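Participant: Take a look and give me a structure for this.
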Amino acid sequence: MATCSRCSSTRTVKNGRIHTGKQRFLCRNCGYQFVEHPTDKRIDQATRDLVDRLLLERLSMAGIARAAQVSEQWLQDYVHLKAAQTPRQAQVRPKKRGPLSVQCDELWSFVDRKGNKQWVWLAMDAQTREIIGAYVGDRSRRSAQRLWDSLPKVYRQCAVIYTHDWKAYQGVLPQKRHQVVSKDSGKTSYIERFNNTLRQRVSRFVRRSLAFSRSLRNHIGLLWNFIHYYNASLPI
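Facilitator: Numbers count the residues shown, from 1 in each chain. As a prediction, this is how the structure comes out:
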């Protein structure tokens with residue numbers, strides 16, 4: 001049997017094949033996946049650009065690896081790096097003090113297993129449709145506070161904020177500018193539509209999917225990656 005290239009253990013088993021058809025092995029000692037006598041392959045910029053675009057579509061990691069003709073291990077390492085380097089703050093157009101309207105909502109998701117719930121808190125400028133703040137955590141008041149803290153200062157000073165009736169918002173959002181509304185009112189329709197867009201475009205946020213996140217860091221990083229793409233694609 002093959003010898004693990006990381007820990008030199010011989011407790012290895014066959015574990016499928018890589019995209020080139022070469023046998024892949026799994027080390028039962030350290031969990032490392034490897035191939036024997038790997039050949040180094042430089043991933044060119046065109047392929048990296050393709051992977052960046054595919055990460056914005058509803059594809060699994062295995063599907064992206066097949067489409068881009070890269071190994072799943074390289075892709076996983078690339079995603080780890082991309083997630084770590086993606087800024088965790090919305091990049092929005094400068095706004096003047098004045099009438100502003102914000103819609104907030106929470107999106108259920110999970111990491112590794114469905115019992116590990118990770119709520120995605122989002123805030124959107126109702127006029128420009130920009131995502132202006134986001135936070136991933138539980139559904140507590142602390143998470144509502146972190147969402148509020150993520151908003152640019154001008155929104156925290158001036159905006160009227162529309163939410164549904166969830167108690168965590170109480171005591172966090174300014175009472176005079178916080179409007180609790182029903183879904184039928186249409187006052188949160190834009191952020192609810194964005195939630196659907198996110199689920200349609202990024203597979204790890206689909207309610208029933210095998211393409212879920214195993215790492216919270218990647219879950220958050222790729223959420224922000226899509227937010228930056230979404231904001232940049234809006235008409236000026």
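Participant: if I pick the most centrally placed residue in the chain, what's in contact with it?
Facilitator: The residue lying closest to the centre of the chain (Cα atoms, centre = their mean) is Leu223, at 2.1 Å. By Cβ atoms under 8 Å, 6 or more residues apart in numbering, the contact set of Leu223 is Val120, Ala134, Val136, Leu198, Val202, Phe205. Every C-beta, even on glycine, is put in place using the N, C-alpha and C of the backbone.
Participant: again with Tyr78
Facilitator: Ile43, Arg48, Val51.
Participant: Most neighbours of all those, which one?
Facilitator: Taking other Cβ atoms under 10 Å as the neighbour criterion, Val51 ranks highest of those with 20 neighbours.
Participant: my guess is that residue is in a strand, correct?
Facilitator: No. Going by DSSP: H, G, I helix; E, B strand; the rest coil, the assignment for Val51 is helix, not a strand.
Participant: Relative to Ala68, how far out is it?
Facilitator: 5 Å (Cβ to Cβ, to the nearest Å).
Participant: for the chain, what spans make up the strands?
Facilitator: Using DSSP state E, the strands of the chain run over 12-17, 23-27, 33-34, 101-107, 110-111, 113-117, 119-125, 131-137, 160-163, 178-180.
Participant: Make JSON lines from those strands and add mean neighbour count and distance to Leu81 to it.
Facilitator: Putting the strands of the chain into JSON lines (neighbours: other Cβ atoms under 10 Å; distance: least, Cβ to Cβ, whole Å) gives the following:
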{"stretch": "strand 12-17", "mean neighbour count": "12", "distance to Leu81": "24"}
{"stretch": "strand 23-27", "mean neighbour count": "18", "distance to Leu81": "22"}
{"stretch": "strand 33-34", "mean neighbour count": "18", "distance to Leu81": "18"}
{"stretch": "strand 101-107", "mean neighbour count": "22", "distance to Leu81": "25"}
{"stretch": "strand 110-111", "mean neighbour count": "18", "distance to Leu81": "19"}
{"stretch": "strand 113-117", "mean neighbour count": "10", "distance to Leu81": "23"}
{"stretch": "strand 119-125", "mean neighbour count": "24", "distance to Leu81": "22"}
{"stretch": "strand 131-137", "mean neighbour count": "23", "distance to Leu81": "19"}
{"stretch": "strand 160-163", "mean neighbour count": "22", "distance to Leu81": "35"}
{"stretch": "strand 178-180", "mean neighbour count": "16", "distance to Leu81": "39"}
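Participant: I'd like to know which of the ones you listed is closest to Gln76.
Facilitator: Closest to Gln76 of those is strand 33-34 (Cβ to Cβ; 9.6 Å).
Participant: Can you get me the centre-to-centre distance for that closest one and its chain?
Facilitator: Relative to its chain's centre, strand 33-34 lies at 26 Å (Cα atoms, centre = their mean, to the nearest Å).
Participant: Show me what that strand is packed up against.
Facilitator: strand 23-27 (3 or more Cβ pairs under 8 Å, 6 or more residues apart in numbering; DSSP states H and E).
Participant: mean confidence score for the strand it packs on?
Facilitator: Averaging pLDDT along strand 23-27 yields 91.
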